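1. Have a look at this fold, sequence not included:
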């Protein structure tokens, strides 16, 4: 994999920030976009913009073909059986909320249980809190091991005949833990529970095969995998999606509308009320082409190598706390002793290095780690070992800046 | 921006308040208590105000956050002690203006003037204003 050539395809990475070449280490928050994606969106607006599934005119057909072509591209990307199983939406949050609002409220009752983990992003936590409140079900947390992983024995001991839904993240956005979602799915299914996967940090980095995993739902966002913001997809098994009611009603999703009742379009359109995110879907298709061309296995291998290198280099810094397991996805969450992560991020920014600081939308996990906030460096296909060397140098400067002259 | 430009943000006096916070702790007597956090970043502060006859007799804070938010809380409590509530609110208004980069008469602001540099770091303004927002809420709740 030629990282230098890849990086050249990202116009935004060719700039200086605060007098230094930009080192972008915040791809877990959102990834940057290659020129192919920017041009696909721009070309759509320049030449083909029109509403889909409506007009008989030429532009309408082009837009519809591109939009539905993008759905086929996503189907292939995660190996779903049918495009009926791919719902376009604005991202992971929308997908998880659809499952929690539609499936959970219809299929979960008092005394039932919904099982999640303490490492969930708020988007795979609050929808279940709300579903539990509405249905009277109990929200049950799997315990975490000391290193921030989940033990399958705990899953076996927690999931039982009362469990109706098991929802976990594929990859933790804080710890970098890669969860054994295939094995957890198998345990969920032994108890007739459905398995919901938050794939926001999974799909951009790990080849996803929903048929092999056998999960019932898998939600992910385009913007973390080189596509524009505002587009995402929810995969759901066809028979489950067939049985579910839409949660948004209006144009585009109806079959017949009478004065007092209406019927819905077939899958997947019954869940896509209103004018869809056409340009976003086209951008997502271009991003998938781009990632396929580089090779998903190569991307994962590159990120795994970067994570290992980052761990090794960062551990040499005195007074650094690093969170999460040794075997991890391409991110490192950390704190410097006696320096608040905001201050760390501000000093790094002065060096042109972008990292995230805060609670990472995972407040329960921050409590589990017993910290109020952390800093996080996250990597993608355009990052290099030199980026990590610059990060380590920046952290040493941060320590020096806050350690000296202020006592 | 070179690293030494950071000195406009992290002035010596700010770091002094961060490392040696004034008025940190809790008030023993009955007082107004305000809990406030910055949900985007996790900074949190609990501010207690002892207000008698329209005057801030005492103020203490506890919390967790970055150097800017904690130093600002320390400076704010120091500044408003003994002030009439109205004057404290006016000072808060001045502080907001200062954060927007507007010219203000900073003579009456004391140590607080050191936070002027924060206005050049838009991502950090909310850190600096947290304690002042808590004070405004406390006064209105009272």
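-> Arrived safely, thanks for sending. Not measured: the values here are computed from a predicted model. Numbers count the residues shown, from 1 in each chain, chains lettered A, B, ... in the order given.
2. just for chain B, where's the confidence low?
-> B:1-4, B:106 (pLDDT under 70).
3. Mind naming the longest helix for it?
-> Among the elements of chain B assigned as helix by DSSP state H, the one spanning the most residues is helix B:125-141.
4. Can you spell out which helices and strands pack onto that helix?
-> Using 3 or more Cβ pairs under 8 Å, 6 or more residues apart in numbering or on different chains; DSSP states H and E as the contact test, the elements touching helix B:125-141 are strand B:32-38, strand B:43-52, strand B:55-64, helix B:67-80, helix B:85-99. In this view, the C-beta of every residue, glycine as well, is placed from N, C-alpha and C.
5. Ok, which of those comes nearest residue B:14?
-> Proximity to residue B:14 (Cβ to Cβ) singles out helix B:67-80 among the helices and strands packed on helix B:125-141, at 4.5 Å.
6. How far does that closest one sit from its chain's centre?
-> Using Cα atoms, centre = their mean, to the nearest Å, we find the averaged C-alpha position of helix B:67-80 to lie 4 Å away from the chain's own average C-alpha position.
7. Of all the residues in the helix or strand that contains residue A:397, which ones are buried?
-> Counting by DSSP states H and E, the element that carries residue A:397 is helix A:385-403. Under the neighbour-count criterion of 16 or more other Cβ atoms under 10 Å in any protein chain shown, helix A:385-403 has A:387, A:388, A:390, A:391, A:392, A:394, A:395, A:397, A:398, A:399, A:401, A:402 buried.
8. Could you count how many residues lie near the closest residue to chain B within the stretch 151-300 of chain A?
-> Using Cβ to the nearest Cβ, the point where the stretch 151-300 of chain A gets nearest to chain B is residue A:174, with a distance of 12.4 Å. Applying other Cβ atoms under 10 Å in any protein chain shown, we find 26 residues neighbouring residue A:174.
9. do the one 5 residues further on as well
-> When neighbours are defined as other Cβ under 10 Å, residue A:179 has 21 of them.
10. I'd assumed residue A:171 was in contact with it.
-> Yes. Residue A:179 is in contact with residue A:171 according to Cβ atoms under 8 Å; the separation is 7.2 Å.
11. Using the record's assignment, carve chain A into domains.
-> A:3-26+A:295-403, A:38-292 (automatic domain parsing).
12. hang on, residue A:184 is in a helix, isn't it?
-> Yes. The assignment for residue A:184, made by DSSP: H, G, I helix; E, B strand; the rest coil, places it in a helix.
13. Not counting sequence-adjacent ones, nearest residue to it?
-> Nearest in space to residue A:184, with sequence neighbours left out and distances taken as Cβ to Cβ, 6 or more residues apart in numbering or on different chains, is residue A:155 at 5.4 Å.
14. For the one you found, list the residues it contacts.
-> Taking Cβ atoms under 8 Å, 6 or more residues apart in numbering or on different chains as the contact definition, residue A:155 lies against A:142, A:166, A:183, A:184, A:187.
15. now for these, which pair is the farthest apart?
-> Comparing the members of the contacts of residue A:155, the greatest separation, given Cβ to Cβ, is between A:142 and A:183, at 12.8 Å.
16. and those two? which has more neighbours close in?
-> Using other Cβ under 10 Å as the criterion, residue A:142 and residue A:183 rank with residue A:142 on top: 20 against 14.
17. Next one: the closest residue to the more buried one other than its chain neighbours, what pLDDT does it get?
-> Distances taken as Cβ to Cβ, 6+ apart put residue A:117 closest to residue A:142, at 4.7 Å, once the chain neighbours are dropped. Residue-level confidence at residue A:117 comes out at 98, pLDDT.
18. OK, contacts around residue A:117?
-> Residues in contact with residue A:117 (Cβ under 8 Å, 6+ apart) are A:141, A:142, A:144, A:150, A:168, A:169, A:179.
19. how near is it to chain B?
-> When Cβ to the nearest Cβ, to the nearest Å is the yardstick, residue A:117 and chain B sit 20 Å from each other.
20. on that earlier part again, can I get the contacts of residue A:117 in JSON lines with pLDDT and secondary structure?
-> Listed next are the contacts of residue A:117 as JSON lines, based on pLDDT from 0 to 100; DSSP: H, G, I helix; E, B strand; the rest coil:
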{"residue": "A:141", "pLDDT": "98", "secondary structure": "strand"}
{"residue": "A:142", "pLDDT": "98", "secondary structure": "coil"}
{"residue": "A:144", "pLDDT": "97", "secondary structure": "coil"}
{"residue": "A:150", "pLDDT": "98", "secondary structure": "coil"}
{"residue": "A:168", "pLDDT": "98", "secondary structure": "strand"}
{"residue": "A:169", "pLDDT": "98", "secondary structure": "strand"}
{"residue": "A:179", "pLDDT": "98", "secondary structure": "coil"}
